[in-house]
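Q: Have a look at this fold, sequence not included:
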Ligand SMILES: [Zn+2]
């Protein structure tokens, strides 16, 4: 009965939160920069333009999956991903499961001059979201091989993070 009511609600309120089927980032902390970046990242994860941009890529390094296949997985992932604090920052962020992203607040979203950059923070969050979606299955289907820039730039997490960063810089609605 409950399910039936939810289906009915979805029918009448297609945009309501209860019907969201995309992946969604959830942050319960008070850091204003993280709050702003999570809000923007969720807007992007709900944007058709974002998935269309991913679908333009026929392939990525270190993956057998096309942009279309990865976009489909991201778009259909009905998963909440919690943003948690990474205590010992070796890297800015780390994701090893489908439901949690750990970020280091000290490095998160900082540009070369050390100032907070919303576009870099959103890039980081979307990059980690790509890993989280990967972990909905086996977790190694569209990742990068190592952490050196030259091993990463054409991999799905890097390319898709950069798409999100560009959307922020262009203030894409
Ligand atoms: Zn990564």
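A: Arrived safely, thanks for sending. Treat the numbers as computed from the prediction; the structure is a model and nothing was measured. Numbering: from 1, shown residues only.

Q: Below-threshold pLDDT in the protein: ranges please.
A: The chain contains residues with pLDDT under 70 at 1-21, 88-91, 173.

Q: Please identify the pairing partners of the strand ranked longest in it and their relative orientation?
A: Under DSSP state E, the strand in the chain containing the largest number of residues is strand 80-85. Strand 80-85 pairs in its sheet with strand 24-26 (parallel), strand 100-103 (parallel), by DSSP bridges.

Q: Report all helices and strands that whichever helix or strand comes after the longest one contacts.
A: This means strand 100-103. Using DSSP states H and E, the helix or strand that follows strand 100-103 in sequence is helix 118-134. Using 3 or more CB pairs under 8 Å, 6 or more residues apart in numbering; DSSP states H and E, the elements in contact with helix 118-134 are helix 32-45, helix 67-76, strand 80-85, strand 93-94, strand 100-103, helix 156-169. Just so you know, the C-beta spots here come from the backbone N, C-alpha and C atoms, and that holds for glycine as well.

Q: Helix 118-134 vs helix 67-76, what angle?
A: Relative orientation of helix 118-134 with respect to helix 67-76: 90 degrees, computed using axes from the mean of the first three to the mean of the last three CA atoms, to 10 degrees.

Q: what angle separates helix 118-134 from helix 32-45?
A: 60 degrees.

Q: Kindly calculate the angle that helix 118-134 makes with helix 156-169.
A: Counting by the same axes, to 10 degrees, helix 118-134 lies at 140 degrees to helix 156-169.

Q: from the chain's centre, how far out does stretch 144-157 sit?
A: Here stretch 144-157 is found 16 Å from its chain centre; the criterion is CA atoms, centre = their mean, to the nearest Å.

Q: what does it rub up against?
A: 60-63, 65, 67, 70, 91, 127-128, 130-131, 142-143, 158-159 (CB atoms under 8 Å, 6 or more residues apart in numbering).

Q: List only those of those residues flagged as buried.
A: 60, 62-63, 65, 67, 70, 127-128, 130-131, 142-143, 158-159 (16 or more other CB atoms under 10 Å).

Q: could you dump those residues to CSV with distance to residue 87?
A: Output for these, formatted as CSV (distance: CB to CB, whole Å):
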residue, distance to residue 87
60, 31
62, 28
63, 30
65, 32
67, 34
70, 30
127, 20
128, 16
130, 23
131, 19
142, 27
143, 23
158, 25
159, 29
